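>>> predicted coordinates and the sequence they were generated for:
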Amino acid sequence: MGDERYDFVVASNRLPVDRVVDDTGASSWRPSPGGLVTALEPIMREADGAWVGWVGQPDLELEPFDWDGIRIVPLKLTEHDLENYYEGFANDTLWPLYHDVIAPPSYHRVWWDSYVSVNQRFANAIAAVSAPDATVWVQDYQLQLVPRMLRQARPDLTIGFFNHIPFPAYGIFSQLPWRAQIIEGLLGADVIGFQRVADAGNFSRAVRRLLGYATKSPVIEVPSHGRAPARRVIAKPFPISIDVDTFERLARSPEVQARAAQIRHDLGDPKTIMLGVDRLDYTKGIGHRLKAYGELLHEGRLKVEDVTLVQVASPSRERVETYRQLRDEIEQTVGRINGDYGTISHQAVSYLHHGFPREEMAALYLAADVMLVTALRDGMNLVAKEYVAARFDDDGVLVLSEFTGASDELRTALLINPHDIEGVKDAIMRAIEMPRAERVKRMRAMRKRVRENDVNRWSEGFLRTLAEARRRSGERSSDAEPEPERDPDSDPLGDLEWTVDRAPRS
Ligand SMILES: Nc1ncnc2c1ncn2[C@@H]1O[C@H](COP(=O)(O)OP(=O)(O)O[C@H]2O[C@H](CO)[C@@H](O)[C@H](O)[C@H]2O)[C@@H](O)[C@H]1O
Ligand SMILES: O=P(O)(O)OC[C@H](O)CO
């Protein structure tokens with residue numbers, strides 16, 4: 001791996017670059033889509049940073065390399081790791097559990113063992129590339145054990161963790177057979193960031209219930225244990241955002257505006273274009289959206305000549321059974337709606353199951369009169385913010401689920417409960433019929449908010465808090481509440497040292 005050490009290290013399950021192999025077998029790297037890369041890219045360059053993560057393909061072992069000024073440190077995951085750690089524990093246990101058990105989580109000890117082992121490999125790789133006293137920022141639910149493992153190996157490091165998905169209420173989280181280990185894993189960090197106030201509250205409550213530690217928002221008092229000194233951990237919300245300037249610049253470009261006009265023309269110049277953009281995931285409420293739209297067509301409140309729904313559904317986790325089933329269900333529903341209501345010249349739903357360049361996404365946002373975000377649970381939902389950022393014309397209506405983190409900020413969207421199909425239908429009709437003056441007023445308020453809280457503010461805010469927390473980490477607080485809400489039936493771990501062997505055998 002070489003002897004290079006870095007002052008700033010980011011770790012995420014997936015690297016910020018994807019490996020692409022062309023027809024001749026030659027490989028190259030391109031940025032992975034998504035906000036994380038854009039958010040951290042400038043900081044990484046300034047801070048002489050390294051990024052540790054998986055290359056996106058099984059059994060691929062690669063040497064570290066430089067990509068656009070960032071040191072990329074690839075971590076190999078085997079086919080076994082993918083099945084058990086990634087598809088299993090991360091995406092069939094934690095993902096549904098943390099999204100309010102919309103789908104039933106599966107609990108398998110062999111998956112947990114693999115999660116522990118992969119997290120340990122991540123911690124080892126991070127420790128190996130981190131300079132003395134470096135800052136490490138660990139990302140997301142796939143790596144919740146890494147902060148503690150890293151602290152044990154490298155107490156000199158300053159460790160941050162950001163959870164991109166919701167953190168569930170204790171009544172749900174407590175289902176997890178390895179709940180205490182997860183909490184202890186996270187508490188290895190100096191700062192734990194969440195998307196929403198409610199997520200940070202749920203985490204602190206779980207700490208009190210499972211470990212009995214004193215908490216007073218945003219501080220958690222971790223008592224001394226053995227040679228490990230007492231520490232203060234900060235757990236608080238840092239709502240993530242997008243690169244607003246880049247999105248707006250894209251949307252303002254003549255090419256993107258021309259493309260938006262072309263999209264409308266190609267769809268048959270309907271009066272209203274509605275848009276949904278989601279990873280094909282059961283948390284996104286795509287089925288609920290289609291149901292509401294199908295009923296509006298059935299009842300004659302909408303006519304297929306007037307309205308088209310463009311549904312972009314990006315391929316996701318296609319080897320996980322729940323995702324395969326979802327794809328079948330969604331595609332069947334789209335087929336039925338198009339069969340029932342489509343005409344030779346007008347399709348009710350234009351369904352696209354692939355990825356697009358950002359220019360095309362910006363053109364779709366510009367073309368869409370109504371944006372439908374109907375997630376049943378979503379940490380933030382960057383699509384909602386991208387839509388707002390792209391609408392430099394102050395037009396367009398956002399219909400937004402109140403179960404997204406974005407709804408905390410975008411209060412002038414038409415907020416909906418996606419389970420209430422009649423409510424969704426009424427919101428769609430209201431969006432379509434909304435007078436321009438009201439559209440502009442609502443959009444302007446949202447644009448102001450998104451501009452104020454862009455992705456730079458998110459990363460700078462987190463890293464500033466991390467630096468302050470580390471400075472104060474030696475101090476003990478005297479004002480935290482002692483052990484409230486202690487659950488007499490819980491099993492606070494007397495011995496904080498735990499291994500795979502200590503995993504509960506349920
Ligand atoms: N077909 C396509 N082609 C190209 N790009 C596409 C695409 N479909 C979607 N995208 C892009 O992918 C991103 C999706 O971000 P989201 O926040 O909507 O969801 P996701 O669940 O992936 O993210 C997780 O992380 C984010 C960030 O923290 C949280 O907001 C969220 O709640 C959490 O689940 C957006 O930037 C979007 O433009
Ligand atoms: O495709 P995945 O499994 O890496 O998930 C991407 C999501 O953004 C997870 O937050």
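Done, it's in. Ligands and ions are numbered 1, 2, ... in the order given.
>>> which bits of the protein sit near ligand 2?
Listed as neighbours of ligand 2 in the chain under the rule C-beta under 6 Å from any ligand atom: 13-14, 140, 164-165, 316-317. (C-beta placed from N, C-alpha, C; glycine too.)
>>> touching, Arg327 and Arg279? I think so.
No: contact criterion C-beta atoms under 8 Å: Arg327 and Arg279 do not qualify, at 11.3 Å.
>>> please enumerate the shared neighbours of the two.
Residues touching both Arg327 and Arg279 (C-beta atoms under 8 Å, 6 or more residues apart in numbering): Ala313.
>>> near ligand 1, anything from the strand or helix carrying Glu329?
Secondary-structure assignment from DSSP states H and E places Glu329 in helix 321-341. No: applying C-beta under 6 Å from any ligand atom, one finds helix 321-341 separated from ligand 1 by no less than 12.6 Å.
>>> quick one: residues in contact with that helix.
92, 96, 103, 280-282, 286-287, 290-291, 293-294, 297-298, 304, 311, 313, 316-318, 347-349, 351, 353.
>>> now stretch 103-110: buried residues?
For stretch 103-110, burial by neighbour count (16 or more other C-beta atoms under 10 Å) applies to 103, 105, 107.
>>> tell me how far it lies from the chain's centre.
On the basis of C-alpha atoms, centre = their mean, to the nearest Å, stretch 103-110 sits 21 Å off its chain's mean C-alpha point.
>>> pLDDT averaged over that stretch, what's the number?
Taken as a whole, stretch 103-110 has a mean pLDDT of 97.
>>> try stretch 337-350
97.
>>> could you dump that stretch to PDB, C-alpha only?
Extracted as PDB, the C-alpha positions of stretch 337-350 are listed here (Å, rounded to 0.1, in the frame of the first residue of the first chain):
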ATOM      1  CA  ILE A 337     -51.400   2.300 -16.400                       C
ATOM      2  CA  ASN A 338     -50.000   2.800 -19.900                       C
ATOM      3  CA  GLY A 339     -52.200  -0.100 -21.200                       C
ATOM      4  CA  ASP A 340     -55.300   1.300 -19.600                       C
ATOM      5  CA  TYR A 341     -54.900   5.000 -20.300                       C
ATOM      6  CA  GLY A 342     -52.200   5.500 -23.000                       C
ATOM      7  CA  THR A 343     -53.000   6.400 -26.600                       C
ATOM      8  CA  ILE A 344     -51.000   6.000 -29.800                       C
ATOM      9  CA  SER A 345     -49.700   9.600 -29.400                       C
ATOM     10  CA  HIS A 346     -49.700   9.900 -25.500                       C
ATOM     11  CA  GLN A 347     -48.100   7.700 -22.900                       C
ATOM     12  CA  ALA A 348     -49.400   8.100 -19.400                       C
ATOM     13  CA  VAL A 349     -46.000   7.200 -17.800                       C
ATOM     14  CA  SER A 350     -42.600   7.500 -19.500                       C
END
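>>> got the buried residues for that stretch?
Buried, per 16+ other C-beta under 10 Å, within stretch 337-350: 337-338, 341-342, 346-350.
>>> how about whichever residue of the stretch 151-300 of the chain sits closest to ligand 2, secondary structure?
Per C-beta to the nearest ligand atom, His164 is where the stretch 151-300 of the chain lies closest to ligand 2, at 4.8 Å. Look at His164: counting by DSSP: H, G, I helix; E, B strand; the rest coil, its state is coil.
>>> wait, doesn't it sit right on Gln142?
No: the pair His164 / Gln142 is not scored as a contact, 9.9 Å apart, by C-beta under 8 Å.
>>> contacting residues around the one residue in the stretch 51-200 of the chain that gets nearest to ligand 1?
Ligand 1 sits closest to His164 of the stretch 51-200 of the chain, with a gap of 3.5 Å, by C-beta to the nearest ligand atom. Going by C-beta under 8 Å, 6+ apart, His164 touches 36, 139-141, 195, 240, 379-380.
>>> now, these that are in strands?
The members of these that map onto strands under DSSP state E are Gln139.
>>> in terms of model confidence, name the weakest of the contacts of His164.
Out of these, that is Leu36, at 72.
>>> since that was my last question, I'll sign off now.
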